[in-house]
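Undergrad: take a look and give me a structure for this.
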Amino acid sequence: MRDTIIEKLQSSSLNDFTEGIEMTREAYRTDKAVLAVDQEIMERVLSIMVYEKFYTHDELSDTMEKVMEVLPRHLSLMEDFINKYTLKGISIFIDQFINHNQVDISGFMMAMGFPYLVVSNEARGLAELIEENDKEGAKVMIAFADVLYKIFDSQIGARSFLINFKEWDKPTATAVNNIIMASGLDTQADIFKLLEDHQDNKALLEYAIDPYADTLEGLRQKYNAEGSDDHSITLLGGYIWYILKYIRTTKQWGAIADRVKLKWDLIELLAERENPGSINTFNEPVSLSEWQEFEKTVGTELPEILREFYLVHDGQDTGNVFNSGLLAEGSEGLFPLSKIKQEWNLWDSLNKEFGGEIPEEDAIDEVKPLYWNPLWIPLLGDGSGDIHFMDLDPSEGGKHGQIILRKNSGPEYDHVADSFEEWIDKYIEKRER
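TA: Numbering: from 1, shown residues only. Predicted coordinates for the structure are as follows:
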C-alpha cells in the first residue's frame, strides 16, 4: 500500500491525488506505525507544504535539504513521545490548542491527511525532548520555520503557522511545527465522511471558510449529540479549507477545468456572503463556438485558463452597479464575452486614430509602451475608462498572459498579476481574510 500511496501523491491527476489522501487515512487506521516514520511520505508532505512555485526559492531549497537529514531523528523521538499519551490525552491537548486560536496550523497539516499535535505545555515538552537529544537538529527546524515565515509572510494560515509559536517561551518549540504525528486521524476522517454524506459542495465550502457557519449548525448539533467534542468539528474546517486551497493554487495538481470549477465555487460563495443575491449576477456559460469565433477575430488562441473560466460563467452582469463586481474594487464586473468583443473593437478603432508609443515616463518594465495593443484582451472596467487587460504580447520584463491595468488618465499602466489565475487567487484570498 505504501508504494501505491507514494505514486498517488506524486501523480499530476487530481483524482489520483485525492485517492492518495483517502488511502493515507485508511493506512493510518490499519497500520499507523508504518507510515508514522516513513521518510518518503514525510518528504512529500514537506514539499506540499511549500508547493511548486516556492521550490525556486534558493534559501528554502538549502534549508529543505538539511531538514530531510534531520527529520528521521526527530520522528524517532516523536514516536517515543506519542507512546506516552492516549488518544484521549491527545484530544485534550487539541482542545487546549483550539482555545489558543491556533486551529489554522492543525488544519494546514490535516489538509494533507496527516493529523498534527502542536499544543501548549505538552508541545513544549516535546520541543525540550528534541532539544535535549538533538540540539543541532532543533536549530535546523527553527531555521526552516523562519524561511517559511518569510516566504509565506502574506499567506493565510502560513502566517499563523509561525507567529503564534514565536511567542512561546522556548524557541525550540518551533521545531514541533515541522513534525507530523500519527495519532487521532480516525475521528477526523469519520467526521469528514459524515459531511460528505450529508452536505453538498457549497455547504462544505462555506464550512471550510467558517467552521461555525449556520448552514452546518444542525450537523454540528447532531454530531455533538453522538458524543463528539465540538473541537473535532472545528478542526475539520481547517482540514477542508487547506485541501481546497492547495488544489486551487497549485498548478501541478489537477486539470485546469477542475481548478477553475473550484475557484468559481469559492467566488460564488464569497460573493454571496458579502452581497446576498450577487450570485444571480453571474451569467450562463459562453459557448465554445462563440469563444473560438472571438479567437479568430483576435488572431490568436487565448489561454486555456481564461477559456475554462468563461465556460463556467460568461462574466458578470451587475446592472452597471459599481463596487459590486469581481476582481477589482469599484468595477462593474468581469466582462461577458459580448462586452469583451465590444471593448476590443472600440480600442481597435481608437488605436487606428490615436495609436503609437506612449511617453517613456509613463511606461513600465512589464508592458510595451503602446497606446494599445491588439493582443491586449479587455476583461474588466470601472466605467470611467480604466480597463484591466490580459496582455498576450508583453515586453521582455513581462509574462505572457499577465494582467495589466490601463489608466485612462495617462495613459498609465500598472502590473496587476503575472497571470489570470494569480489574479483570481489574489481576489479569493483577500476576501477569505
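
Undergrad: surely E366 and I403 touch.
TA: No - when contacts are counted by Cβ atoms under 8 Å, E366 is not listed as touching I403 (10.3 Å). Placement of C-beta: from N, CA and C, glycine included.

Undergrad: common neighbours of the two, please.
TA: Here E366 and I403 have D391, H415 as joint contacts, going by Cβ atoms under 8 Å, 6 or more residues apart in numbering.

Undergrad: compare neighbour counts for those two and give me the winner.
TA: When neighbours are counted by other Cβ atoms under 10 Å, E366 and I403 differ, and I403 comes out ahead with 26 against 19.

Undergrad: which secondary structure element is home to M390?
TA: strand 387-391 (DSSP states H and E).

Undergrad: give the helix, strand or coil label for D3.
TA: Under DSSP: H, G, I helix; E, B strand; the rest coil, D3 falls in the helix class.

Undergrad: neighbours of it, how many?
TA: For D3, the number of neighbouring residues by other Cβ under 10 Å comes to 8.

Undergrad: what of L392?
TA: L392: 19 surrounding residues under other Cβ under 10 Å.

Undergrad: need the pLDDT of it.
TA: At L392, the model reports a pLDDT of 96.

Undergrad: what residues are up against it?
TA: If you count contacts by Cβ under 8 Å, 6+ apart, L392 has them with T300, L302, P303, L375, W376, I377, H400, G401.

Undergrad: which stretches of the stretch 251-400 of the chain form helices?
TA: Along the stretch 251-400 of the chain, counting by DSSP state H, counting those that start in this stretch, helices occupy 256-274, 288-298, 304-310, 337-354.

Undergrad: quick one: contacts of the second one?
TA: Helix 288-298 has contacts (Cβ under 8 Å, 6+ apart) with E301, L302, R307, Y310, L311, L337, I340, K341, W344, P374, L375, I377.

Undergrad: and the pLDDT at the first one?
TA: By that I understand E301. pLDDT at E301 comes out at 93.

Undergrad: shift numbering so it begins at 201
TA: OK, 201 is where the count begins now, so the last one is E501.

Undergrad: name the nearest residue to it, ignoring sequence neighbours.
TA: With Cβ to Cβ, 6 or more residues apart in numbering as the criterion, E501 has its nearest non-adjacent residue at 5.6 Å, and that residue is E495.

Undergrad: identify whichever of the helices of the stretch 451-600 of the chain lies nearest to I628.
TA: Across these, I628 has its closest neighbour in helix 456-474 (5.3 Å, Cβ to Cβ).

Undergrad: which strands and helices lie in contact with that closest one?
TA: Packing contacts for helix 456-474, counted by 3 or more Cβ pairs under 8 Å, 6 or more residues apart in numbering; DSSP states H and E, involve helix 401-409, helix 430-449, helix 504-510, helix 620-632.

Undergrad: what about the stretch 351-500 of the chain, any weak spots by pLDDT?
TA: Under the criterion pLDDT under 70, the flagged ranges of the stretch 351-500 of the chain are 351-455, 458.

Undergrad: can you report how many residues neighbour R606?
TA: The tally of other residues near R606 (other Cβ under 10 Å) stands at 25.

Undergrad: who does the closest residue in space to it that isn't next to it in sequence form a beta bridge with?
TA: What sits nearest to R606 in space, not counting adjacent residues and going by Cβ to Cβ, 6+ apart, is I587, at 5.1 Å. Following DSSP bridges, I587 is listed with bridge partners G581, R606.

Undergrad: is it true that I587 touches I604?
TA: No - counting by Cβ under 8 Å, I587 does not reach I604; the two are 9.2 Å apart.

Undergrad: of the contacts of L592, which is the nearest to A457?
TA: Of all the contacts of L592, A457 sits closest to P503, with 13.1 Å by Cβ to Cβ.

Undergrad: that closest one touches K599, doesn't it?
TA: No - judged on Cβ under 8 Å, P503 makes no contact with K599 at a distance of 11.2 Å.

Undergrad: residues shared between the contacts of the two?
TA: Residues touching both P503 and K599 (Cβ under 8 Å, 6+ apart): S619.

Undergrad: more neighbours: those two, which one.
TA: P503 (18 against 15).

Undergrad: how much space between the more buried one and L570?
TA: To L570, P503 is 20 Å away according to Cβ to Cβ, to the nearest Å.

Undergrad: check E508 too.
TA: Using Cβ to Cβ, we find E508 at a distance of 29 Å from L570.

Undergrad: same check, this time on E553
TA: Using Cβ to Cβ, E553 is found at 14 Å from L570.

Undergrad: what does E495 give?
TA: 21 Å.

Undergrad: more neighbours: which of those two?
TA: Taking other Cβ under 10 Å, E495 and L570 do not tie; L570 has more neighbours (19 against 13).

Undergrad: alright, that wraps it up for me.
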